[in-house]
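Asker: sequence plus predicted model, see below.
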Amino acid sequence: REEVGGVDIFRHMGSTMRWLTLHRRRVRGAMWTLSGVAAVLLVTFYGVPSDETGVALTAGGSLAEWGSIGRSASASSRWVEDAGWRYAPWCRVVLRLVAALQLIATLGVGVEYFSAQWPRVFLSAASEVLRVRNAPLSKSERDPLPRTGTAYLLHIPPRPSAAAVSMDGALLWRLLVGSGEAYYTLLLIIFSLMALADSPLYLLLPLLDTLRAFSVLSSAARIATPALLRTFSFALFVLVALGLYSYAYLPSAIHAQGDTQCYSPWQCVSMLILDALAQGGQALTYDDDGFAWTPLHFNTDASSQHRSLFAVVFIVVWAYLFQGAILAQIVDAFRTARARKEALDASLSQRCLVCGCDRSKLPGEFERHISRFHNPTSYLAFFAGASATLPHHRTALEIHAMRLFSEGNGDILPVGVAPK
């Protein structure tokens, strides 16, 4: 233990970590609130075209000159340039304060994650590495051990601690792959630093983190992301093939920047993808002539007929099939996420999560049962505390529970046993 000026540093650090852990939702909520306040101030007061005295500009010539000022100011820090703050000079001071407070809140989020949550990621990765290195023996290969009593405690085989695993390529790879939340937290901190040092516009980026507050939305995103990536990748491949086909046979079907046709494979493919994403099935119909100069008969003017058929194939494949499939996957993901949440809420309200006892068997006592006797949080806290305790410091109950837990045996849970 180390003291500086009579102050116990470790005790105060521990108190700070406990406070951040207990109030992590409030700290993250403060970060969201500050980003919202910054968004309102930026939209309302920042960058309003104004002259040197702060009067807003309305004349066309002055506004054209303001456009050049805005482009030149973008090369330097937006805190330093004065053009964007002429209309409301006080806004710069307020936003500086908001940026400083948001940085403090974001650092609190980061400290809480890396001190309380990321060690679990490390221990999980280390446990996987240990499981691969030291494959457990099957029941037929190991000697039978007593299940209870002093003999069991005296014959517990030593188990290597996950915290003592040496850093090697396997562990480093698992940490790199499994630390997505760590990368995301570091990105929030970097954006907050850039908001304070370079531009107040970076204050808006943490607003995307508010998606965490909507459980159904975040769950739907996790469900739909793999299928959407596969569908969109295949759709992108089809658009590339159609773009190359149009370059080879129908360059006039894709108009590039007002020209009558596209002139290179890259231009044809890029314009088709951009127009398809922006306009959907109308990507080939934004010109005044429609799909094509459709001939009067099917065997006349083969070039125009070819272009019409190409447009029909594009609309059917992209507008009806792929766009419909993407929309259906999004809707199905929301339906699945909502159904899971409703099923979980219904199950928790009708059945004890620990012992499985039904509400009907405990008339009038079910809420007291799940809050006092079989509180799931208490069981999670027990296993979390036992796993965080060194093996030679565990009690007999913790040793027995962790042994069953490592074997995948649920006998430690009172399934079917409801206290009177």
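Answerer: Alright, I've got the coordinates.
Asker: what's the spacing between residue 273 and residue 338?
Answerer: 33 Å (C-beta to C-beta, to the nearest Å). Quick note: C-beta positions are derived from backbone N, CA and C, even for glycine.
Asker: for these two, indicate the residue with more neighbours.
Answerer: Taking other C-beta atoms under 10 Å, residue 273 and residue 338 do not tie; residue 273 has more neighbours (17 against 13).
Asker: quick check: that one touching residue 243?
Answerer: Yes: judged on C-beta atoms under 8 Å, residue 273 makes contact with residue 243 at a distance of 6.9 Å.
Asker: name the residues contacting each of these two.
Answerer: The contact sets of residue 273 and residue 243 do not overlap (C-beta atoms under 8 Å, 6 or more residues apart in numbering).
Asker: and residue 213, how many neighbours?
Answerer: 12.
Asker: what score does it have for pLDDT?
Answerer: The per-residue pLDDT reported for residue 213 equals 74.
Asker: same check, this time on residue 70
Answerer: pLDDT at residue 70 comes out at 53.
Asker: what does residue 39 give?
Answerer: 92.
Asker: next one: it from residue 94, what distance?
Answerer: Residue 39 is 13 Å from residue 94, by C-beta to C-beta.
Asker: ok, now residue 47?
Answerer: 15 Å.
Asker: what do you get for residue 21?
Answerer: 31 Å.
Asker: equivalent analysis for residue 272, please.
Answerer: 47 Å.
Asker: higher neighbour count, those two?
Answerer: residue 272 (26 against 14).
Asker: contacts only, for the closest residue to the more buried one other than its chain neighbours.
Answerer: Spatial nearest neighbour of residue 272, excluding adjacent residues (C-beta to C-beta, 6 or more residues apart in numbering): residue 243 at 4.2 Å. Residues in contact with residue 243 (C-beta under 8 Å, 6+ apart) are 254, 265, 268, 269, 270, 271, 272, 273.
Asker: and the residue nearest to residue 283 when sequence neighbours are not counted, what element?
Answerer: Leaving aside its chain neighbours, residue 283 sits nearest to residue 275 (3.6 Å; criterion: C-beta to C-beta, 6+ apart). Per DSSP states H and E: residue 275 is located in helix 265-279.
Asker: now swap in residue 346 and tell me
Answerer: Following DSSP H and E, one finds residue 346 within helix 323-350.
Asker: now do that helix: which elements does it pack against?
Answerer: Helices and strands touching helix 323-350, by 3 or more C-beta pairs under 8 Å, 6 or more residues apart in numbering; DSSP states H and E, are helix 215-249.
Asker: sorry, back to before: which residues are in contact with the helix holding residue 275?
Answerer: 236, 239-240, 242-244, 246-247, 251, 254-256, 262, 283-284, 286, 314, 318.
Asker: identify each buried residue in that helix, please.
Answerer: By 16 or more other C-beta atoms under 10 Å, the buried positions in helix 265-279 come out as 267, 268, 269, 270, 271, 272, 273, 275, 276.
Asker: can you put these in a markdown table and add pLDDT and distance to residue 300?
Answerer: Below are the buried residues of helix 265-279 laid out as a markdown table (pLDDT from 0 to 100; distance: C-beta to C-beta, whole Å):
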| residue | pLDDT | distance to residue 300 |
| --- | --- | --- |
| 267 | 85 | 31 |
| 268 | 84 | 27 |
| 269 | 87 | 31 |
| 270 | 87 | 33 |
| 271 | 85 | 29 |
| 272 | 85 | 27 |
| 273 | 88 | 33 |
| 275 | 83 | 29 |
| 276 | 85 | 30 |
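Asker: ok, of the contacts of helix 265-279, which come out buried?
Answerer: Among the contacts of helix 265-279, those classed as buried by 16+ other C-beta under 10 Å are 239-240, 242-243, 246-247, 251, 254-256, 262, 283-284, 314, 318.
Asker: coming back round to it: please state the offset of the helix holding residue 346 from the chain centre?
Answerer: Centre-to-centre, helix 323-350 and its host chain are 18 Å apart (C-alpha atoms, centre = their mean, to the nearest Å).
Asker: and stretch 129-138, what's its mean pLDDT?
Answerer: 65.
Asker: please apply the same query to stretch 197-207.
Answerer: 88.
Asker: stretch 43-52 now?
Answerer: Here the average pLDDT along stretch 43-52 is 79.
Asker: could you export it as CSV, CA atoms only?
Answerer: What follows is stretch 43-52, C-alpha atoms only, in CSV (Å, rounded to 0.1, in the frame of the first residue of the first chain):
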residue,chain,number,x,y,z
VAL,A,43,-27.6,23.1,-35.2
THR,A,44,-28.9,26.3,-33.8
PHE,A,45,-25.9,28.6,-33.4
TYR,A,46,-22.8,27.2,-35.1
GLY,A,47,-21.8,28.1,-38.7
VAL,A,48,-24.6,30.7,-39.2
PRO,A,49,-23.5,32.9,-42.1
SER,A,50,-22.7,36.3,-40.6
ASP,A,51,-20.4,39.3,-41.2
GLU,A,52,-17.6,40.6,-39.0
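Asker: any idea how far it is from the middle of the chain?
Answerer: 34 Å.
Asker: next: stretch 204-219.
Answerer: For stretch 204-219 - counting by C-alpha atoms, centre = their mean - the centre lies 8 Å from the chain centre.
Asker: what lies in contact with that stretch?
Answerer: 28, 31-32, 35-36, 38-39, 42, 102, 106, 188, 191-192, 221, 334, 337-338, 340-341.
Asker: one more time with 7 Å
Answerer: Residues from elsewhere that reach stretch 204-219 (C-beta atoms under 7 Å, 6 or more residues apart in numbering): 31-32, 35-36, 38-39, 106, 188, 191, 334, 337-338, 340-341.
Asker: what's downstream of the helix holding residue 275, the next helix or strand?
Answerer: helix 302-314.
Asker: so for that following helix, mean pLDDT?
Answerer: 78.
Asker: could I get the buried residue list for it?
Answerer: 304, 305, 307, 308, 310, 311, 314.
Asker: ok, now stretch 19-34?
Answerer: For stretch 19-34, by 16+ other C-beta under 10 Å, it's 20, 24, 27, 28, 30, 31, 32, 34.
Asker: gap between stretch 35-45 and the chain center?
Answerer: Counting by C-alpha atoms, centre = their mean, stretch 35-45 comes out at 24 Å from the chain centroid.
Asker: same check, this time on stretch 352-361
Answerer: That offset, for stretch 352-361, works out to 34 Å (C-alpha atoms, centre = their mean).
Asker: residue contacts, residue 325?
Answerer: Residue 325 touches residue 231, counting by C-beta under 7 Å, 6+ apart.
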